[in-house]
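> Sequence first, then the predicted structure:
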Amino acid sequence: MKRQNNLYRIINSISIRKKTIISYILIVTAAIVSVAAVLIAMFSGRYQKQLLYSSSQSCTQAKEFLEYRANSVQYASNLIQVDNELQEILTRSEKEVSDDLILQNKDMMYMENYIYSLCNSTDIFQISLYVPDYFMYVDQEVLFRNLNTFEKTAEYDKLHQSRKSGIWLPTEKIYSADTSKWVKVISFIREIKDVSDLNRTIGVQRVSIKYDDIYSILNNSKITKNGLVCLMSGDDELISTTDEGQYHLLKDEFVKYKSEYVNGNVWKRIKADNKNYYINMSSVNSTDWSLIVALPESELFNDFLSLVSGMIGVVFLIFILAIVLSVIFSHMITSRISELAAKMENFEKNDEKSSDNYNEDMGNDEIGSLFVTFNNMKNEIDRLIEAEYENGKSVKQAELKALQAQINPHFLYNTLDLINWKALDCGADSIVDISRALAKFYRLSLNKGKEFSKLSEEFDHIKYYVAIQNFRFEDRIKLSFKVDENINDLNSLHIILQPLVENCIVHGMKDLSEDENIYITVSGKIQDEDVLLMVEDTGCGINVEEMNNSLQMDFDKDGGYGVKNINARIKLCYGDKYGLKYFDNSFGGTTVQIKIPIIEGEI
């Protein structure tokens, strides 16, 4: 019992800061070690399976890319096989073409254009045709080659004896006329049969794709540094590989595995040169190719060990960070407790230092709540006085703004009325018309401070605005109305049409010549218990999709009556089913549709 009491005494004699630091370090260390041990135990078995699965997925993707390239070759070959013009050229007899060089030249030009267009459209590197030796272009040795000479080769014998429509050849180098260099390719050869006599061979086609394209597919599918991906033909010949030295080391195992292969994603563990490997194979459709992947077993575990080493390094860094954070956090807690204790002591002594305001950076936890309670006790009176002062100030500002709102409109009307009478005295009729229109425009704009107005007032608002603008544009703005009379007395949000007409003028007239007019039609009717208003112009038009997208944006921060704000005001007041929508019209201009609900009576 004494020992237990002594232990408590020792613990209680340690400062709160030290106890907090020790507690944090112990908790973090235990948590990190436990999590790391669990993760290593969980992933040690799963990592190898996941890596093999990822390699299988990468191999499947590579197989699909290879099949795509092979299908492109088959597609191009089929087009050559059935081309009527090509059939007609290759079935010409020696007698037909021997003395007709013009015909042969025409035939050659057609076949060259056909081959080039086919290569461009099917991503084929080169196509060559073996044709009879009585054609004048037979010795070109790029697009056209000697069929009679080719028939004496082992390649032709293999093709002729094959029961397939064509065969793939091992990697070879051919001359490229475009680059004037020898290029490594993989080729597919196929006899061209006379469609009227399928037993008769009239030529042979050789369709080639770049070796580098195939190598790139294999190399991109390799997911480990020392892994091997290779492509073998049905005759066990190498077509392409990512590592020739490693391939020759494993070739015999590959050949053996091919003979035992059954379709399915199955990894086999083999041993070669005292090393263990996991190998997998997939058959590439439309070819006799086999795609083989080999992963060194040691690399699988090396990667996992690297992962574990990295994890240990991260754990160590977290441990160091935990110590630093423990010191910081403990200081944050204990320093606030010390400060609160000092404030309470000063308050007890009636010291002026205790009147310092509470620092909100102290946090919102229990310690922070103590600070808040302490400061509220001495700051309540000051807060009430300050609030009362601010309330009085706000009332005075509101009264001043109300007085200004009463003075400014009357001053504006009186000024415009003075301009009107002065213009009458001087016989300036145009100024009289402008001042009257402007006075009526602003009277409708202010609307006695009301948020809603009659639709008839909205239409008058447009009339006065266009009248003012026509003084500037010399009556080039032609405004007309097609409004059902039964909507004139309906209510609407104030100023929702004038900004749209203003947009028609600003954007519609910018590309018009000085002698061209713009026609603006404002229409309105009731449809399906709603009011539909339309503003249509014959201007140069705008990007309707862009305008409709812009309507989805937020309010302009500066307020006002912009198009986006009109749309947002309507949706806020009436709901999301109402608002603006832009359309192209048959005049080349733009139509804006405004949809609002039917609201009758006085508001």
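Yes, it's here. Numbering: from 1, shown residues only.
> The residue lying closest to R206 once chain neighbours are set aside: what secondary structure?
Setting aside the residues directly before and after it, R206 is nearest to S128 in space (C-beta to C-beta, 6 or more residues apart in numbering), at 4.4 Å. (C-beta placed from N, C-alpha, C; glycine too.) Secondary structure, DSSP: H, G, I helix; E, B strand; the rest coil: S128 is strand.
> neighbours around S128, how many?
21 (other C-beta atoms under 10 Å).
> show me the contacts for it.
Residues in contact with S128 (C-beta atoms under 8 Å, 6 or more residues apart in numbering) are V142, L143, F144, R145, I174, Q205, R206, S208.
> Could I have the buried ones of the residues you listed as PyMOL selection syntax?
To isolate the buried members of these in PyMOL, using 16 or more other C-beta atoms under 10 Å:
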select buried, resi 143+144+145+174+205+206+208
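> from the contacts of S128, which ones fall inside strands?
F144, R145, I174, Q205, R206, S208 (DSSP state E).
> any idea how far the residue nearest to R206 lies from N120?
Per C-beta to C-beta, to the nearest Å, S128 is found 16 Å from N120.
> okay if I get the ones in strands among the contacts of S128 as a markdown table plus pLDDT?
Listed next are those as a markdown table, based on pLDDT from 0 to 100:
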| residue | pLDDT |
| --- | --- |
| F144 | 91 |
| R145 | 91 |
| I174 | 87 |
| Q205 | 95 |
| R206 | 94 |
| S208 | 93 |
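> Student question: in the protein, what's the helix or strand with minimum average pLDDT?
Of all helical and strand segments in the chain, the minimum by mean pLDDT, DSSP states H and E falls on helix 366-426, at a mean of 57.
> Give the residue spans of the stretch 451-600 of the chain that score low on pLDDT.
Counting by pLDDT under 70, the stretch 451-600 of the chain shows low-confidence ranges at 554-561.
> residue boundaries of the strands in it?
Along the stretch 451-600 of the chain, counting by DSSP state E, counting those that start in this stretch, strands occupy 452-454, 477-483, 491-493, 518-527, 530-537, 579-584, 590-597.
> got these as TSV, with distance to S162 and mean neighbour count columns?
Formatted as TSV, the strands of the stretch 451-600 of the chain follow (distance: least, C-beta to C-beta, whole Å; neighbours: other C-beta atoms under 10 Å):
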stretch	distance to S162	mean neighbour count
strand 452-454	87	18
strand 477-483	79	15
strand 491-493	81	21
strand 518-527	74	17
strand 530-537	72	20
strand 579-584	62	17
strand 590-597	67	20
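> is it true that I495 touches H461?
Yes: I495 sits in contact with H461 when judged by C-beta atoms under 8 Å, with a separation of 7.1 Å.
> Among the two, which residue is more densely surrounded?
Counting neighbours by other C-beta under 10 Å for I495 and for H461 shows that H461 has the greater number, 23 against 18.
> how many neighbours does the residue nearest to V501 when sequence neighbours are not counted have?
Leaving aside its sequence neighbours, V501 sits nearest to I462 (C-beta to C-beta, 6+ apart; 5.3 Å). By other C-beta under 10 Å, 21 other residues sit near I462.
> pretty sure I462 is touching S480, no?
No: taking C-beta under 8 Å as the definition, I462 is not a contact partner of S480, at 10.9 Å.
> joint contacts of those two?
Common neighbours of I462 and S480 (criterion: C-beta under 8 Å, 6+ apart): V522.
> Within the helices and strands, which one has E67?
Using DSSP states H and E, E67 maps to helix 16-82.
> now that helix, how far from the centre of its chain.
Distance, stretch centre to chain centre, for helix 16-82: 25 Å (C-alpha atoms, centre = their mean, to the nearest Å).
> Could I get the average pLDDT for it?
Model confidence over helix 16-82, given as mean pLDDT, is 80.
> just checking, next helix/strand downstream of it?
Downstream of helix 16-82, the next assigned helix or strand under DSSP H and E is helix 84-90.
> Show me what that next one packs onto, helices and strands only.
Counting contacts by 3 or more C-beta pairs under 8 Å, 6 or more residues apart in numbering; DSSP states H and E, helix 84-90 packs against helix 101-122, strand 181-194, strand 197-210.
> what's the helix or strand that it is followed by in contact with?
Note on helix 84-90: by DSSP H and E, the next helix or strand toward the C-terminus is helix 94-97. For helix 94-97, the external contacting residues (C-beta under 8 Å, 6+ apart) are L103, Q104, D107, P132, Y134, F135, M136.
> where's the residue nearest to V501 relative to K595, distance?
Distance, I462 to K595, by C-beta to C-beta: 18 Å.
> Kindly report the same for N548.
Noted for N548: a distance of 14 Å to K595, by C-beta to C-beta.
> hang on, the earlier thing: same list, the contacts of S128, but as a markdown table with distance to A294 please.
Formatted as a markdown table, those follow (distance: C-beta to C-beta, whole Å):
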| residue | distance to A294 |
| --- | --- |
| V142 | 38 |
| L143 | 40 |
| F144 | 42 |
| R145 | 38 |
| I174 | 30 |
| Q205 | 35 |
| R206 | 32 |
| S208 | 28 |
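> Let me know the closest of the contacts of S128 to I214.
S208 (11.3 Å; C-beta to C-beta).
> Identify each buried residue in stretch 246-266, please.
Q246, Y247, L249, L250, K251, E253, F254, Y257, Y261.
> By pLDDT, give me the weakest of these.
Out of the buried residues of stretch 246-266, that is Y261, at 69.
> what residue ranges in the stretch 101-250 of the chain score low on pLDDT?
Of all residues in the stretch 101-250 of the chain, none has pLDDT under 70.
> Can you give me the domain assignment for this protein?
15-323, 359-427, 442-597 (automatic domain parsing).
> wait, N567 sits on L551?
Yes: counting by C-beta under 8 Å, N567 does reach L551; the two are 4.7 Å apart.
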